[in-house]
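Asks: Fold the following.
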Amino acid sequence: MKQEDIYDLIVIGSGAAGMISAIVSARASRKVLLLEKLSTIASKLKATGGGRCNLTNTLENEEFMSRFGRDGRFMQDALAAFDHKDLISFLKEIGVDTHAPDGFRVFPTSHSSATIISALQNELERLGVTLLCSQKVQQIHHQNNQITGVQTQDNRYQAPNVIVATGGLGYPTLGAEGDGYTMASELGHKVTELHPAMMPLKTKENWGANCRADTIAKVELSVNLKKHKKLRAKGDLIFTKNGIRGPVVLDFAREVTPLLDKYGEVPLLLNLTKGMNEEQISQHIKKEVFNNPDASIVEHLSTLLPSALSNELCLLADINPNDKHNKISGASRAKLIQLLAWTPLTVTGHDGFKMAMITRGGINLKEINPKTMQSRLVNGLYFCGEIMNLDGPCGGYNLQWSFASGNLAGKLLT
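Replies: A predicted model of the protein is given here:
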């Protein structure tokens, strides 16, 4: 083997996690090779947030971890070493200014992922990291429980440390093939069931197609299955031609897609009235009727909801939207109020990983040391980013985790 093919560290994958791990390690004077199977680096990072690149958010670490669910505390050491403040400082250091226009989500001031990618690539070059594109890793080599290197389609590279930062299965057009899971499995690691997440959902009901013009704010979603009633979320929702999308749906999809695989369809209940209960809705309508007795019921409801949605809910309650309140039977009024408080929808499908921004599931966290990101099974093997069984909601959570875990893996090599 040529001397130039021997490294201290090989990083597989040039996303956020892979690039920062290579940078951090190279800053410690290690010889680093970064391998990317596509012809260009950071394809998925380029598409993040529609290209605007929501890097992180301003939550303190405890609250940040809680948004990932019961496994969130796995991130404690990584965030202690590199939280959102550290990420902002790091980016400033390599020439990227950031801001939080809404006080929560952090973006580059350019609102362009190209700014981030260019700065990271420049830092890789400055540090002398060897970057090779169009190099798909076919196998990670090991001997006596110790990493020894990798094999690509063109060459074999030697190193005592390998970081797997290949991401998940989302956006296969941007290179996601799940090859990192295969590599981990071949080395003895368990990979959980994998589900698409952060994506629109399809519904059995089609009336929402008539309500596509408006964003419904502060919708409360909950799963209407006996064993899963605790699953709920709140945020903005948009009806589509064949289902629902919007921030609350993208977040909630990570809970729904595993249930779809299990049950075939998932009934949901939606509170579309900003959390108002049936009594509050009834009082609101009575007040509107008192103030404007000649208005139709749909006009009264339009003080709560967009007119198109108000119209559809009237039809669901078997009410003529143009009827006045006093023309509607008591049973129909009760049905309408119930629908306003909790509107049923049935999720029946999705577009799979091709529309999924992230993957739910991954390498079993029990097999990874959270203090170093090193495998508990093979010395010199590290994981970072989405490949692990840890995923969060929209709002910079997953990208912050990628940077934090990549930083820890690159910093604490054996």
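Asks: Can you mark which positions in the longest helix seen in the chain are buried?
Replies: In the chain, with assignment by DSSP state H, the single longest helix is helix 247-263. The neighbour-count check on helix 247-263 (16 or more other Cβ atoms under 10 Å) flags 247-260 as buried. All C-beta atoms are positioned from the backbone trio N, CA, C, and that covers glycine.
Asks: Can you verify my assumption that residue 91 contacts residue 118?
Replies: No - Residue 91 is beyond contact range of residue 118, at 11.8 Å (criterion: Cβ atoms under 8 Å).
Asks: more crowded one of the two?
Replies: When residue 91 and residue 118 are compared for neighbours, residue 91 comes out ahead with 21 against 16, by other Cβ atoms under 10 Å.
Asks: That one in helix, strand or coil?
Replies: helix (DSSP: H, G, I helix; E, B strand; the rest coil).
Asks: just how off-centre is the longest helix of the chain within its chain?
Replies: Taking the mean of its C-alpha atoms, helix 247-263 sits 12 Å from the chain's own mean (Cα atoms, centre = their mean, to the nearest Å).
Asks: Can you name the element that comes right after it?
Replies: strand 266-271 (DSSP states H and E).
Asks: Buried residues in the helix or strand following that following strand, which are they?
Replies: Downstream of strand 266-271, the next assigned helix or strand under DSSP H and E is helix 278-291. Using 16+ other Cβ under 10 Å as the test for burial, helix 278-291 gives 281-282, 284-285, 288-289.
Asks: tilt between helix 278-291 and strand 266-271?
Replies: 50 degrees (axes from the mean of the first three to the mean of the last three Cα atoms, to 10 degrees).
Asks: so how far is the helix or strand following helix 278-291 from its chain's centroid?
Replies: Sequence order places helix 297-301 as the next helix or strand after helix 278-291, per DSSP H and E. Centre-to-centre, helix 297-301 and its host chain are 37 Å apart (Cα atoms, centre = their mean).
Asks: same question, stretch 170-187
Replies: For stretch 170-187, the distance to the chain centre is 17 Å (Cα atoms, centre = their mean).
Asks: Can I get that stretch as PDB, trimmed to CA atoms?
Replies: Output of stretch 170-187 as PDB, limited to C-alpha atoms (Å, rounded to 0.1, in the frame of the first residue of the first chain):
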ATOM      1  CA  GLY A 170     -34.500  10.100   2.900                       C
ATOM      2  CA  TYR A 171     -34.100  11.800  -0.500                       C
ATOM      3  CA  PRO A 172     -32.600   8.800  -2.500                       C
ATOM      4  CA  THR A 173     -32.200  11.200  -5.400                       C
ATOM      5  CA  LEU A 174     -29.500  12.900  -3.300                       C
ATOM      6  CA  GLY A 175     -27.600   9.700  -2.700                       C
ATOM      7  CA  ALA A 176     -29.400   8.100   0.200                       C
ATOM      8  CA  GLU A 177     -29.200   4.300  -0.300                       C
ATOM      9  CA  GLY A 178     -28.800   3.000   3.300                       C
ATOM     10  CA  ASP A 179     -25.300   1.800   2.600                       C
ATOM     11  CA  GLY A 180     -24.200   3.000   6.100                       C
ATOM     12  CA  TYR A 181     -26.700   0.600   7.700                       C
ATOM     13  CA  THR A 182     -25.300  -2.300   5.600                       C
ATOM     14  CA  MET A 183     -21.800  -1.400   6.700                       C
ATOM     15  CA  ALA A 184     -22.900  -1.300  10.400                       C
ATOM     16  CA  SER A 185     -24.800  -4.600  10.100                       C
ATOM     17  CA  GLU A 186     -21.700  -6.300   8.600                       C
ATOM     18  CA  LEU A 187     -19.700  -5.200  11.600                       C
END
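Asks: Which residues does it contact?
Replies: 12-13, 37-38, 43-44, 47, 136-137, 139-140, 142, 164-169, 191, 194, 196-198, 353-354, 356-359, 362-363, 375, 377-378, 381, 383, 386-387 (Cβ atoms under 8 Å, 6 or more residues apart in numbering).
Asks: Mind checking which of the residues you listed are in strands?
Replies: 12, 137, 139-140, 142, 164, 196-197, 358-359, 381, 383 (DSSP state E).
Asks: Go through the residues you listed and give me the one with the most neighbours.
Replies: residue 164 (32 neighbours).
Asks: for this protein, what helix or strand is lowest in average pLDDT?
Replies: helix 43-47 (a mean of 83; mean pLDDT, DSSP states H and E).
Asks: tally of neighbours for the closest residue in space to residue 252 that isn't next to it in sequence?
Replies: Closest residue in space to residue 252, ignoring its immediate chain neighbours: residue 233 at 4.3 Å, by Cβ to Cβ, 6 or more residues apart in numbering. By the criterion of other Cβ under 10 Å, residue 233 has 21 neighbours.
Asks: Now residue 233: phi and psi?
Replies: Torsion angles at residue 233 (phi, psi; degrees, to the nearest 10) stand at phi -150, psi 160.
Asks: if I pick it, what's in contact with it?
Replies: Residue 233 makes contact with 220-221, 248, 251-252, 255, according to Cβ under 8 Å, 6+ apart.
Asks: Thank you, goodbye.
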